[in-house]
Every structure is written in structure tokens, then in C-alpha cells.
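A.B. asks: have a look at this prediction, sequence included:
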Amino acid sequence: MEYRSAGALEKEITSILKDELSFYQSMFILIDNQKESLRLGDGSELGKVFADIAGFNRRITDSEKKLGDLMERDRESFSLAASNLEIRRLVISMAAIVQKNVALMKENEEFVTSRQAAIQVALDELSKSQKMLETLSGFASSKRLVNNKK
């Protein structure tokens, strides 16, 4: 009986892991495309990048919940099923693609951070110009008043 339960669980886990592997592979392609959009300076894509990241987070949370629920249902059967060669192979493949996804996301984060720093420098310079113009504007209006009184 326990073997049948573990066998059914193996099929369920394998199915979930195959879906997850496909998701992480698609995620890799999408993150790589995001990198290109960010590097090419396409600012219109930034909102989509953040929406994609939020979608990734939801999907990963759902995936973790599915596997966690399976594990909680019957830990012994889950442990037995998880020792299956196909499941171990899927987990190793997923771990490799997740590692690549993390590396790509870090590259994207570094690029966005450097762009943010450049934007901050430009904003600071613009603010200095604004203050200087306000100061000059104050001098110009005070000179006019003095000239108008004369």
C-alpha cells in the first residue's frame, strides 16, 4: 500500500517539477530579454520588467505551496518519492536553471542600480541649476524694482 502511495506521489511530484522546470526555463529567457531591454535604454520596458518580477514572485510562491502541501500530506511517502531518480534529475536541473536566473537577475539589478545612480547625479545637477536660476531670478526682480523706483 505504501509503495502505491509513493508511486502516485512520484507521478504527481514529477508532473509538478516538469511544469516548474519549464517555468524556470521560460523565466531565464524572459530575464535575458529584460537585460537587453534595460541595456538598450528602453525606459518604456521598465514597468513591464517590474510586472514580470511580481509575476515571478507569485508563481514561485504558488509552486512552493504546492510542493509544501504534498510534503505535509504524507512526509514518509514524499521522502520515498523524492528519492526517485527522475525526481532527483529534475531537481538538479531546476537548481542549475535557478542559479542561472539568480545570476541574470543580479546583472540586471547592477545595471539598473548604475542607471539609477547616473539619474541621481543628473537630478542633483539639475537641482543645482534650478537653485542658481531661482537666485538669479531673485536678483533680476529686485533690480527691476530698484530701477522702477528711481
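C.D. replies: Perfect, I can see it now. Residues are numbered from 1 along each chain as shown.

A.B. asks: any idea how far residue 128 is from the spatially most central residue of the chain?
C.D. replies: Among the residues of the chain, the one closest to the centroid is residue 53, at 3.8 Å (C-alpha atoms, centre = their mean). Relative to residue 128, residue 53 is positioned 34 Å away (C-beta to C-beta, to the nearest Å). From N, CA and C alone the C-beta is placed, and that goes for glycine too.

A.B. asks: ok so, going back, check which helix or strand covers the residue nearest to the centre of the chain.
C.D. replies: Assigned by DSSP states H and E, residue 53 belongs to helix 46-73.

A.B. asks: point out the other helices and strands that the next helix-or-strand element following that helix packs with.
C.D. replies: Next helix or strand after helix 46-73 toward the C-terminus (DSSP H and E): helix 75-82. In terms of contacts (3 or more C-beta pairs under 8 Å, 6 or more residues apart in numbering; DSSP states H and E), helix 75-82 is packed against helix 2-39.

A.B. asks: show me what the top helix by length along the chain is packed against.
C.D. replies: Using DSSP state H to define each element, the chain has its longest helix at helix 85-149. Contacts defined by 3+ C-beta pairs under 8 Å, 6+ apart place helix 85-149 against helix 2-39.

A.B. asks: give me the number of residues near residue 112?
C.D. replies: Look at residue 112: counted by other C-beta atoms under 10 Å, it has 14 neighbours.

A.B. asks: go ahead and confirm it touches residue 37.
C.D. replies: No: the criterion here is C-beta atoms under 8 Å, and residue 112 misses it with residue 37 at 11.0 Å.
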